[in-house]
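Participant: Only the shape, not the letters, is given here:
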């Protein structure tokens, strides 16, 4: 006779354990890759130190990750915060550079005020206006 696999042949607790193990493996790999990224990101550690930690984490992953977290866990968070702050500063600088100092309308209004107050002549006003409109 042919055997059929029915839904009740795989109990709910078995499904729960399977999902739990998959979750733990995904979590483990995320932690492992985060530690490897942290090893390369650390500017205070020399090349031999990075190579040693990397070999330790790759050859003996469970022990290597455990020792790395114990030895360098606090500074790992500080490096992550520093990296995010640097990224934000770079993005802000890029946005400021891309946006420019202001729109053409604002610059023309300032130029018009300078001409009205007598700080620049009409010829200087026309030259500056042509530069802005280019």
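Facilitator: Perfect, thanks for sending it. Quantities reported herein were computed from a predicted structural model and do not represent experimental measurements.
Participant: For this protein, give me the ranges with low pLDDT.
Facilitator: For the chain, applying pLDDT under 70 flags the ranges 1-2, 4-9, 100-102.
Participant: Can you give the distance of the lengthiest helix in it from its chain's centre?
Facilitator: Identified as the longest helix of the chain according to DSSP state H is helix 61-99. With C-alpha atoms, centre = their mean, to the nearest Å as the basis, helix 61-99 stands 8 Å off its chain's centre.
Participant: And stretch 110-119, by the same measure?
Facilitator: Centroid separation for stretch 110-119 versus its chain: 45 Å, with C-alpha atoms, centre = their mean.
Participant: and the longest helix of the chain, what does it pack onto?
Facilitator: helix 12-41, helix 47-59 (3 or more C-beta pairs under 8 Å, 6 or more residues apart in numbering; DSSP states H and E). In short, each C-beta sits where N, CA and C put it, glycine included.
Participant: Please parse this protein into its domains.
Facilitator: Domain segmentation of the chain under automatic domain parsing yields 7-100, 101-134.
Participant: Can you give the contact residues for the host helix or strand of residue 127?
Facilitator: Assessed by DSSP states H and E, residue 127 sits inside helix 122-133. For helix 122-133, the surrounding residues in contact (C-beta atoms under 8 Å, 6 or more residues apart in numbering) are 104, 107-108, 111-112, 114-115, 120.
Participant: If we use 7 Å, what do you get?
Facilitator: 104, 107-108, 111, 115 (C-beta atoms under 7 Å, 6 or more residues apart in numbering).
Participant: now swap in stretch 82-97 and tell me
Facilitator: Here stretch 82-97 has contacts from residue 41, using C-beta under 7 Å, 6+ apart.
Participant: Kindly present the helices and strands packed on helix 61-99 as TSV, with separate columns for mean neighbour count and distance to residue 86.
Facilitator: Listed next are these as TSV, based on neighbours: other C-beta atoms under 10 Å; distance: least, C-beta to C-beta, whole Å:
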stretch	mean neighbour count	distance to residue 86
helix 12-41	12	11
helix 47-59	13	19
